[in-house]
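Chemist: Sequence first, predicted model second:
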Amino acid sequence: MDVARPIVAPIVISSSLKEQTYEALRQAITSMNIYEQAEAPKLDERYLAESLGVSRTPVREALARLEQEGLVQTIPRRGVFVVRKTKAEIIEIVTAWAALESMAARLATANATDEEIANLRTMFAEEDGDSVRAHLDEYSDKNIAFHQAILALGKCDLIEQMADNLFIHMRSIRSRTIGDGDRAVRSVIDHMNIIEALERRDPGLAETLVREHSMRLAEHIRKHVDDLD
């Protein structure tokens, strides 16, 4: 089995090397599908330094900062690993995300422009049951982008910042479960209903639909995901 590794690219050396290294590693880690394999992904300090084109010192400092944020964990004599959550913790994360994203949807009915809402519809203009099933990986990326867009349209920086700390786990668990049963097809229907509520500028309906959409994910995890404890 291939070892999961974050995909990183060399960075441009500058006076902000420490910050660039941190940002590059954080972006790489949050882009990983950390629940795809049975074990938590291990981070190779030497590999990361070579990939970034920097010494191991800024990488070590960045990993220490990421550990303070709860994204990675150092295990004595074993190394540094990306933090994975238990099933119960993931359900709590989805519940918190549902609260944040649903409030963002309510705010979006007042704060988003018509053009911004219309852009949501173009994301799924050509999607139907057959295309979703045939291009599941591509749809999974669109699905994640849709939920990020809802958060952005609320135009509340604090909500976005709070959700950002949950994103690595939401992204990974959504990627893992989107192919289960008819969840992908159902999500297209949910997304279109959410977009219609936003277009109608109906705050109560938009908030409810977004919250129920996320809570269905929590219920699916509770019933069908059994290997995360």
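Modeler: Structure's in. What do you need? Quick caveat, the model's predicted, so the values are computed rather than measured.

Chemist: so what does the helix or strand containing Q20 touch, helix or strand wise?
Modeler: Counting by DSSP states H and E, the element that carries Q20 is helix 17-30. For helix 17-30, the packing partners by 3 or more Cβ pairs under 8 Å, 6 or more residues apart in numbering; DSSP states H and E come out as helix 45-52, helix 56-68, helix 167-177. The C-beta positions use only the backbone N, C-alpha and C, and glycine is treated the same way.

Chemist: ok now do the residue positioned nearest the centre of the chain, which residues does it touch?
Modeler: Nearest to the mean C-alpha position of the chain, counting by Cα atoms, centre = their mean, stands R171 at 2.8 Å. Counting by Cβ atoms under 8 Å, 6 or more residues apart in numbering, R171 makes contact with T30, S31, N33, I144.

Chemist: Just checking, which helix or strand of this structure averages the lowest pLDDT?
Modeler: Within the chain, no helix or strand scores below helix 129-134, which has a mean of 62 by mean pLDDT, DSSP states H and E.

Chemist: and the very next helix or strand once past that one with helix 167-177, angle?
Modeler: Sequence-wise, the next helix or strand downstream of helix 129-134 (DSSP H and E) is helix 136-153. Interaxial angle of helix 136-153 relative to helix 167-177 (axes from the mean of the first three to the mean of the last three Cα atoms, to 10 degrees): 150 degrees.

Chemist: Touching, H213 and S187? I think so.
Modeler: Yes. At 7.5 Å, H213 counts as touching S187 under the criterion of Cβ atoms under 8 Å.

Chemist: Point out the other helices and strands that the longest helix anywhere in the chain packs with.
Modeler: Once the chain is assigned using DSSP state H, the helix that runs over the most residues is helix 87-111. Packing partners of helix 87-111 (3+ Cβ pairs under 8 Å, 6+ apart): helix 136-153, helix 157-164, helix 167-177, helix 183-199, helix 203-224.

Chemist: Let's see that with 10 Å instead.
Modeler: helix 114-123, helix 136-153, helix 157-164, helix 167-177, helix 183-199, helix 203-224 (3 or more Cβ pairs under 10 Å, 6 or more residues apart in numbering; DSSP states H and E).

Chemist: quick one: buried residues of that helix?
Modeler: By 16 or more other Cβ atoms under 10 Å, the buried positions in helix 87-111 come out as 90-91, 93-94, 96-109.
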